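> output the structure for:
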Amino acid sequence: MRKKFTIFLVVVMLFSLTACGNSIVGNNKIIADMIVDLTGTNQEIANNILIAYFSRAGENYSVGYIEKGNTEIVAEMIAEQTGGTLFQIQPVTPYPEGYEDTKVIATRENESNARPAIANKVENMESYDTIFIGYPIWYAAKR
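Numbering: from 1, shown residues only. Model prediction:
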């Protein structure tokens, strides 16, 4: 139980750091390496790891236009280090490429406590023992 909690904390820290922009990719690699130390790398373990993530490319605050979202980059690092299976969470209605347009929608969703529909599903979810979930933190919202 302690090991799973530690892995959870490392993942939270890892994905939280991705909100700071591309300049911290080196730090994310260090944290991804820590995940390997905690999860192991043998094939039996790797078959039981799922890395589910939501990531948005396009125009991003302070870094400009990016081809690949930061959370996707980190998810790929974790998959590379653990041998786990990647699963990209995709909304039924994609977010716009523009940062300001996305921010308007995200604010509206936050204020209405919305849960956008997901377009795809993980097959055989019960076969995974360890699941990493990554998502971006676009801005600080009032609660």
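
> which strand or helix spans residue 51?
Assessed by DSSP states H and E, residue 51 sits inside strand 49-53.

> partner strands of the helix or strand immediately after that strand in the chain, parallel or antiparallel?
Note on strand 49-53: by DSSP H and E, the next helix or strand toward the C-terminus is strand 58-60. Partners of strand 58-60 in the sheet, by DSSP bridges, are strand 64-66 (antiparallel).

> and whichever helix or strand comes after the strand it pairs with, what does it pack against?
Reading on from strand 64-66 to the C-terminus, the next helix or strand found by DSSP H and E is helix 70-82. For helix 70-82, the packing partners by 3 or more Cβ pairs under 8 Å, 6 or more residues apart in numbering; DSSP states H and E come out as helix 2-17, helix 25-39, strand 49-53, strand 85-88, strand 130-134. In short, each C-beta sits where N, CA and C put it, glycine included.

> pick out the shakiest of these, pLDDT-wise.
Note on those: lowest mean pLDDT is at helix 2-17, with a mean of 51.

> so how far is residue 67 from residue 52?
Computed as Cβ to Cβ, to the nearest Å, the residue 52 to residue 67 distance reads 21 Å.

> give me the more crowded residue out of the two.
Using other Cβ atoms under 10 Å, the more surrounded residue of residue 52 and residue 67 is residue 52, with 19 against 7.
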